[in-house]
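# everything below, folded, please.
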Amino acid sequence: MNDQTGAPSKFVDAPDGRVHYQSWGEGPAMFLIHGGGPGAYGYSNYRKNIGPLSQRNRVIVLDLPGYGQSAKRAQPEGLTTALANAVRDIMDQEGIEKARLVGNSLGGMTALRFALDTPDRAEKLVLMGPGGGQAMFTPMPTEGLHRMFNFYEGDGPTIEKLSAVIDLLVYDRSAITQELLEERFRICTLPETMANPPLRGLRGHPRDALWQQGVENITCPVLIIWGREDRVVPLDSGFILQKLIPNADMHIYSKCGHWAQWERADEFNALVDNFLNG
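Here you go, the predicted model:
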């Protein structure tokens, strides 16, 4: 992976499971935490953001447990707790006391859980279409979530099923290349991933309903970003989070789906950099 990403792979051999990560740049520590779709992993989801955001920050990109090169973890206290602990494992290994967390979808849930569990270590949060909220008007689960949850079921993964998932991640499909599709399919069908699909067997755990977990007590600055046409985690679920979190501002992109960091990359990079460093 080094030739493609330009950064060496590092690992935390934690008791709960091995975690893969990479880092770029210098400055305040910033974690970019990817979402939960099939074939997701750190570098792939943030390849349009790492360069610009690493100009004034130390950008750390991890593969969440069960994705990429990171081992799947047991979830006795819920999915988000297991994922937030993986971020903390990297921080402990790297001697990082406090960090900015930028998370998309499942990564946004991870960032919220981290801030709820260890508020003294969360400096600022950027949440793009995070799960864990409560939709006000949209029937749940959405079609996008249905396609994600069923990806490994039935006849198993196919590139056609992956393409159908991607269709609902973006507003404009023209930016998705065949190369990206094939790369994600290769990642989501790795033997370790096939043996333990990351979202298989997911059961609703009370700790994963994050809007009920005391988000009103999160005091650090929070920027919520949403694509108006998000068909995975609907925009209306963002309004409750924005209302509950005291220091949360919200930015909504028109003609944008679930991947704001991809579809509106230049604007996203400028917005996030200004929020974190301005």
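# neighbours of A14, how many?
By the criterion of other C-beta atoms under 10 Å, A14 has 18 neighbours. (C-beta placed from N, C-alpha, C; glycine too.)
# so the closest residue to it other than its chain neighbours is in which element?
Among residues not flanking A14 along the chain, D89 sits closest, at 4.3 Å (C-beta to C-beta, 6 or more residues apart in numbering). Element membership for D89 (DSSP states H and E) is helix 79-94.
# packing partners of the helix or strand just after that helix?
Sequence order places strand 99-104 as the next helix or strand after helix 79-94, per DSSP H and E. Where contact means 3 or more C-beta pairs under 8 Å, 6 or more residues apart in numbering; DSSP states H and E, strand 99-104 is packed against strand 29-33, helix 79-94, helix 106-117, strand 122-128.
# over to R231: give its phi and psi.
For R231, the backbone dihedrals (degrees, to the nearest 10) come out as phi -110, psi 10.
# so M128 sits against D230, correct?
No - M128 is beyond contact range of D230, at 9.4 Å (criterion: C-beta atoms under 8 Å).
# so where does the closest residue to G156 other than its chain neighbours fall, helix or strand?
Computed as C-beta to C-beta, 6+ apart, the closest residue to G156 that is not its neighbour in sequence is M194, at 8.0 Å. Assigned by DSSP H and E, M194 belongs to helix 191-195.
# mind saving the C-alpha coords of that helix as PDB?
Presented in PDB, the C-alpha positions along helix 191-195 are these (Å, rounded to 0.1, in the frame of the first residue of the first chain):
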ATOM      1  CA  PRO A 191     -10.200 -13.600   2.900                       C
ATOM      2  CA  GLU A 192     -10.200 -12.100   6.400                       C
ATOM      3  CA  THR A 193     -13.100  -9.800   5.600                       C
ATOM      4  CA  MET A 194     -15.100 -12.600   3.900                       C
ATOM      5  CA  ALA A 195     -14.600 -14.700   7.000                       C
END
